[in-house]
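**Student:** after the sequence you'll find the predicted model.
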Amino acid sequence: MKLVVLHNHFDRGDVTQVVLNHLQALAASELPIDRVLLLHGGRDAGLSDLQSLRFPVDAISVDALSDDSSSIDQSQALTDQIAQAITAAGGSRDDTLLHFHNHSLGEHLLLPEAVAQLAEAGWPIVLQIHDFAEDYSSANYQRWIPSLAAQTPDAVERHLYPQAPNLHYVAATQRDRSLLSSLGVADTALHRLPPIAPAILESQLDQAAAKRKLTAALDLDADKPLGIYPACGSRAKNIGELLLWSAVCDEATFAIAAPPTDPIDQKMYAMWSTFARNQQLPVRFDAELVEGISRAELLAAADFLFTSSVAENGASVFLEAMLAGCPLRGRDLPAVTDDLRAAGCEFPGLAPSLSIPAAVIGQSAQPQIWEAYCAAWGWLPDGFIDALDLESVDRGPIVGDIDFARLPIGLQARAIVAAKSDRKLAGQIRDANPIMHDLPAAPGDPQPHLAANAQRAAEAFNESALVDRLTQIYRAALQSDRDAGTTAPTSAGRLFVQLASYEAFTPCRTIEL
């Protein structure tokens, strides 16, 4: 069989790494794959890390995957180019499986209709959802409205999520699987594909030596506990929360690994970097880019790893911490960690919110949160607003505490400045959030859950488990009925209502500087 993997780009990043992990796993499978085609729109820098496998892998640029400026009714051109690239490589509907990544995100307007046309033509297809445009990718979602002349969310979802026996959907978490199920995706065509634990070689590095080297390069105090945020600083990483930790927990130092690649994310990242420097906070940016510092040294130097992310399309930071045997502090993400807990893993250093006194940011908080929400979704046609039932939203003054992630970045910055200058306030914030106490310092006290987490992560999220699940999913798609045609999801519109609700809103993901 031939496998065709499709995404509009294979730049370095989460999706490309998932594809590389899949290919590595498939090479160890019993599936009779004799060739793999990676179809993209001309950007494939992330494929330089591809290793030699038991089957040939060819990256092919498809013009129509790079240019989505055409109207949706021109999607047949994309469909034809995909089919032509496959047939030119010797593939056919009888022996070829198509695996799309993020077809519905909105980065390429022609993809959903092309998927439906290919399904109608009888190709077996797997659609892997890493991110939902409805989940506060509002700039992407905005592109669908005029393209479809949509007045209600069900019109968008009927287009984005076609149904057919030969269209199989794949979700990374149980939460995402439940969302797709609520939309109306049939259980027989709906799968969950758990993450694979990143390959972490057993480090021979001396922790103290690695920490001395890194803290010297970053001009940080080597005698204080060091927390590393081992991620690129996209908006979803909620960097302001990292800075609040650094202001409150002044007995520790912090660093974030790398800058993001998205231009809007880069602006937010640069703003926070300048802010941290001006406030003289004990946190450094771009730690992984320091000359002479490897990824292994970065992780080895950490007394604890840190996360404040409000959204993830994978579990890499959690798995990385577990396999490295490193304590993890910060924000819990039940959408991801619930699956890990189901495998027996524990996260005593995480909490689902970070409470601060609402009085710190004054009575302007609720109006500013509402203003940010309206900036994200207020442009929608009335049919979308009606579906969200915003009339029932409580917009009264906030009393007591508020979750820091609910604040627009201007208010986050105000809270950070207040915590840094007022040690009494810093103490109040710390007492309201017990995970901010007793930050780990290597070698520190033994923490039995760390060894147990490492063992459970290695057992439940290894390459063998990925091979088994991919094999099951691919066989189900290949054996499916190809002649039934496509239909719309039975509960179109529910996905938007669940993901774009005011209660789920975190402004850091939507602000564009």
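**Tutor:** Yep, that arrived. Note that the structure is predicted; figures quoted are calculated from it, not measured. Numbering: from 1, shown residues only.

**Student:** okay, now the unreliable bits of the stretch 51-200 of the chain?
**Tutor:** 68-70, 136, 199-200 (pLDDT under 70).

**Student:** domain parsing for the chain?
**Tutor:** 2-131+163-196+462-482, 207-356+407-457 (automatic domain parsing).

**Student:** next, format the ones you listed as JSON lines and append distance to Phe505 and mean neighbour count.
**Tutor:** Where C-beta positions appear, they are placed from N, C-alpha and C, glycine not excepted. Formatted as JSON lines, the domains of the chain follow (distance: least, CB to CB, whole Å; neighbours: other CB atoms under 10 Å):
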{"stretch": "domain 2-131+163-196+462-482", "distance to Phe505": "17", "mean neighbour count": "19"}
{"stretch": "domain 207-356+407-457", "distance to Phe505": "10", "mean neighbour count": "19"}
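
**Student:** how about TSV for those domains, with distance to Phe496 added?
**Tutor:** Below are the domains of the chain laid out as TSV (distance: least, CB to CB, whole Å):
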stretch	distance to Phe496
domain 2-131+163-196+462-482	10
domain 207-356+407-457	16
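
**Student:** which one of those lies nearest to Asp382?
**Tutor:** The closest of the domains of the chain to Asp382 is domain 2-131+163-196+462-482. By CB to CB, the value is 21.3 Å.

**Student:** how long is that closest one end to end?
**Tutor:** The first and final residues of domain 2-131+163-196+462-482 sit 17 Å from each other (CA to CA, to the nearest Å).

**Student:** my read is that Ser71 contacts Ser147, right?
**Tutor:** Yes: contact criterion CB atoms under 8 Å: Ser71 and Ser147 qualify, at 7.0 Å.

**Student:** so where is this protein shaky, pLDDT-wise?
**Tutor:** Scanning the chain with the threshold set as pLDDT under 70 gives 68-70, 136, 199-204, 441-446, 511-513.

**Student:** let me know the secondary structure of the residue of it lying at maximal distance from its centre.
**Tutor:** Within the chain, the residue lying farthest from the chain centre (CA atoms, centre = their mean) is Lys424, at 35.8 Å. The assignment at Lys424 comes out as helix when based on DSSP: H, G, I helix; E, B strand; the rest coil.

**Student:** so Cys264 makes contact with Arg235?
**Tutor:** Careful, residue 264 is Ile and not Cys. Yes: assessed by CB under 8 Å, Ile264 is found in contact with Arg235 at 7.3 Å.

**Student:** chain center to the helix or strand harbouring Met322, what's the gap?
**Tutor:** Met322 is part of helix 316-323 when elements are defined by DSSP states H and E. Taking CA atoms, centre = their mean, to the nearest Å, one finds the center of helix 316-323 at 14 Å from the center of the full chain.

**Student:** helices and strands around that helix, which ones?
**Tutor:** strand 226-232, strand 304-307, strand 328-331, helix 334-342, helix 448-460 (3 or more CB pairs under 8 Å, 6 or more residues apart in numbering; DSSP states H and E).

**Student:** sorry, back to before: wait, which of the domains of the chain is closest to Thr510?
**Tutor:** Short answer: domain 207-356+407-457, nearest of these by CB to CB, at 7.8 Å.

**Student:** what about Gly91, distance to His22?
**Tutor:** 18 Å (CB to CB, to the nearest Å).

**Student:** cool, Val467 as well?
**Tutor:** Distance from Val467 to His22, by CB to CB: 10 Å.

**Student:** for Val290, same thing?
**Tutor:** If you measure Val290 against His22 using CB to CB, the figure is 31 Å.

**Student:** then Glu241?
**Tutor:** Glu241 sits 32 Å away from His22, going by CB to CB.

**Student:** next one: Asp386
**Tutor:** 41 Å.

**Student:** contacting residues for Val283?
**Tutor:** Listed by CB atoms under 8 Å, 6 or more residues apart in numbering, the contact set of Val283 reads 242-243, 246, 253-256, 276.

**Student:** swap in 7 Å and give it another go.
**Tutor:** Going by CB atoms under 7 Å, 6 or more residues apart in numbering, Val283 touches 242-243, 246, 254-255, 276.

**Student:** now flag whichever of the residues you listed is closest to Pro327.
**Tutor:** Relative to Pro327, the closest of these is Phe254; by CB to CB it sits at 13.9 Å.

**Student:** helix or strand for that closest one, just tell me which one.
**Tutor:** Phe254 belongs to strand 253-258, assigned by DSSP H and E.

**Student:** mind giving me the packing neighbours of that strand?
**Tutor:** Contact here means 3 or more CB pairs under 7 Å, 6 or more residues apart in numbering; DSSP states H and E; on that basis strand 253-258 packs against strand 226-232, helix 239-248, strand 283-284.

**Student:** one more time with 6 Å
**Tutor:** Applying 3 or more CB pairs under 6 Å, 6 or more residues apart in numbering; DSSP states H and E, one finds that strand 253-258 contacts strand 226-232.

**Student:** quick one: the strand it packs on to helix 316-323, angle?
**Tutor:** Counting by axes from the mean of the first three to the mean of the last three CA atoms, to 10 degrees, strand 226-232 lies at 140 degrees to helix 316-323.

**Student:** quick one: residues in contact with strand 226-232.
**Tutor:** Contacting residues not belonging to strand 226-232 are listed as 211, 237, 242, 252-258, 260, 302-306, 317 [CB atoms under 6 Å, 6 or more residues apart in numbering].

**Student:** ok, back up a step: and the helices and strands packed on helix 316-323: which comes nearest Leu183?
**Tutor:** Among those, the nearest to Leu183 by CB to CB is helix 334-342 (16.4 Å).

**Student:** just after the closest one, pick out the following helix or strand.
**Tutor:** Per DSSP H and E, the helix or strand that comes after helix 334-342 is strand 350-351.

**Student:** next helix or strand past that next one?
**Tutor:** Once strand 350-351 ends, the next helix or strand along the chain (criterion: DSSP H and E) is strand 355-357.

**Student:** residues contacting that following strand, please?
**Tutor:** Outside strand 355-357, the residues within contact range by CB under 6 Å, 6+ apart are 401, 404, 415, 429, 432-433.
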